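Visitor: Just to be clear, the model below is a prediction. Sequence and coordinates:
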Amino acid sequence: PAGAPAGHSRGHDQDCSRAALEGAMLVRQGCALDRPAFNDLRLRSCEALPTWLRQDINHAERQRVMELAHRYSGMSMPNLCREAVRLDGGRVTHNSDEMIRSAVSGSSLSAIFSTNINAELLSAYAEMPDSTRGWVAETDVANFLSHERSSMGKFGQLKKFARGGEADHLDTSDSKETSKIARYAGQFVVDEMDLIDDRFGAIEQLSPTEMGLIAAALRPDLIYSILHANAALDADSVALFHSTHANIDTTALSAAAIETGIAKISKQRIKTRPLNVRPRYLLVPHDLRFSSDIHLTSAQRFDGSGATTAGGVKNPLAELGIQAISDDRLGVAGCTDPSTGTAYAGSATNWYLAARPGENGAK
């Protein structure tokens, strides 16, 4: 009759879409579809993830896919392969072996699998904390060739201008270091037997997450290996941390030792120009995690024995805004350089002061 409400038909072919199966496999593996990592801005713009997963959590399409995903999350792998064949427009039979072979050769199962891998890998990567953020400078390069990083632009002092003359050329630092980027990769394989045995979920639940975690660990492994190696610089063939550079001290961590380190880093110069670099980060192994925080944030100066020092009770370190960062790669176990495979032992007592790149000329 006229004026009757419109009807909306829903069927299996409409609901059991590729997006729904992508979400279903994620749910089956224990990956929450509202995982906070999916709201990370880096993932929002990542085309490796499907459009529906990059939408806002309250978006109608994402809500619809999430609802269907939970409905189909109990589907076995052979049945999922059967649905993938249907999506590819292939002939659907009840022969599981035939369905699996057809699904593997089609595009839908590959897309569902890739989405699944990407979502878990990237979310694990985004959630992994990185203790090198903030004190390490970043730059982009165009290729895999060697690149020179120089401190050109680090000028000396201005000189007095003579009336009627021309400005003298500024003294620049010609110090430079050579580096190149590299690509790191790994793979794991799921074959037809895993699909037949319906073991896809068990493999997926661990492998993509683990791959995301080891990918996130690559950067700090490389950076802390550089600190441990303490290799000679190209500019002067002297180790990075060396008395010649006035940037090393062998004193155990204490308030007085931190103050000595602050003085050393603040006295760094380019030519004769003082930089007055301010340390912003104190890098320590977990063994010194709590004592470093006490030194930097206590209202009263602390000498490590439970008593304040004889020089007064005020703790000036608390006013400097230095952030303590701990990482086990600095500890006794150390880390392994992904580039060379060299294992470096650390120490329970090592500590480093670092500036914020770009602040007061720090690089």
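Guide: Cool, got the structure. Computed from a prediction, not measured in an experiment: that's the story for all the values here.
Visitor: which other residues reach the strand or helix carrying Leu53?
Guide: Using DSSP states H and E, Leu53 maps to helix 51-54. Taking contacts as CB atoms under 8 Å, 6 or more residues apart in numbering, the residues outside helix 51-54 that touch it are 19, 22-23, 33, 38, 43-46, 59, 61-62, 65, 115, 119. C-beta coordinates here come from the backbone N, C-alpha and C atoms, glycine included.
Visitor: for the residues you listed, which one is nearest Val189?
Guide: Distance to Val189, by CB to CB, is smallest for Thr115 among the contacts of helix 51-54, at 18.1 Å.
Visitor: what's the nearest residue to the closest one if we skip its chain neighbours?
Guide: Leaving aside its chain neighbours, Thr115 sits nearest to Glu22 (4.5 Å; criterion: CB to CB, 6 or more residues apart in numbering).
Visitor: Okay, and that neighbour sits in which element?
Guide: Taking DSSP H and E as the criterion, Glu22 maps to helix 18-28.
Visitor: what does that helix contact?
Guide: Residues contacting helix 18-28 (CB under 8 Å, 6+ apart): 33, 50, 52-53, 65-66, 68-75, 80, 83-84, 87, 108, 111-113, 115-116, 119-120, 200-201, 204.
Visitor: Moving C-terminal from that helix, which element do we reach first?
Guide: helix 41-44.
Visitor: who are the neighbours of that next one, in terms of helices and strands?
Guide: Packed against helix 41-44 by the contact rule (3 or more CB pairs under 8 Å, 6 or more residues apart in numbering; DSSP states H and E) you find helix 108-127.
Visitor: about what we covered before: among the contacts of helix 51-54, which ones are buried?
Guide: Neighbour counting by 16 or more other CB atoms under 10 Å classes 19, 22-23, 33, 38, 43, 46, 62, 65, 115, 119 among the contacts of helix 51-54 as buried.
Visitor: Among these, pick out the one closest to Ala318, please.
Guide: Leu43 (37.1 Å).
Visitor: so what's the closest one up against?
Guide: Shown in contact with Leu43 (CB under 8 Å, 6+ apart): 37, 49, 54, 122-123, 126.
Visitor: For those residues, which single residue is the most surrounded?
Guide: Ser123 (24 neighbours; other CB atoms under 10 Å).
Visitor: Skip the chain neighbours and tell me the closest residue to that one.
Guide: Among residues not flanking Ser123 along the chain, Ala37 sits closest, at 3.7 Å (CB to CB, 6+ apart).
Visitor: Same check on Asn230?
Guide: Nearest to Asn230 is Ala239, by CB to CB, 6+ apart, at 5.0 Å.
Visitor: before we move on, the earlier item: would a markdown table of the contacts of Leu43 with pLDDT and distance to Ala185 be doable?
Guide: Output for these, formatted as a markdown table (pLDDT from 0 to 100; distance: CB to CB, whole Å):
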| residue | pLDDT | distance to Ala185 |
| --- | --- | --- |
| Ala37 | 83 | 22 |
| Leu49 | 86 | 20 |
| Arg54 | 87 | 25 |
| Leu122 | 88 | 16 |
| Ser123 | 88 | 20 |
| Ala126 | 88 | 19 |
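Visitor: looking at it, Ala235 is touching Ser175, isn't it?
Guide: Yes: the criterion here is CB atoms under 8 Å, and Ala235 meets it with Ser175 at 4.3 Å.
Visitor: the more surrounded of these two?
Guide: The residue with more neighbours, out of Ala235 and Ser175, is Ser175; 16 against 13, by other CB under 10 Å.
Visitor: gap between that one and Ala137?
Guide: 15 Å (CB to CB, to the nearest Å).
Visitor: cool, and Glu319?
Guide: In this view, Glu319 and Ala137 are 26 Å apart by CB to CB.
Visitor: now stretch 191-200, how far from the centre of its chain.
Guide: 32 Å (CA atoms, centre = their mean, to the nearest Å).
Visitor: picking that back up, buried ones only from the contacts of helix 18-28, please, as a ChimeraX command.
Guide: Buried residues within these, by 16+ other CB under 10 Å, are selected in ChimeraX with:
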select :33,50,52,53,65,66,68,69,72,73,75,80,83,84,87,108,111,112,113,115,116,119,120,200,204
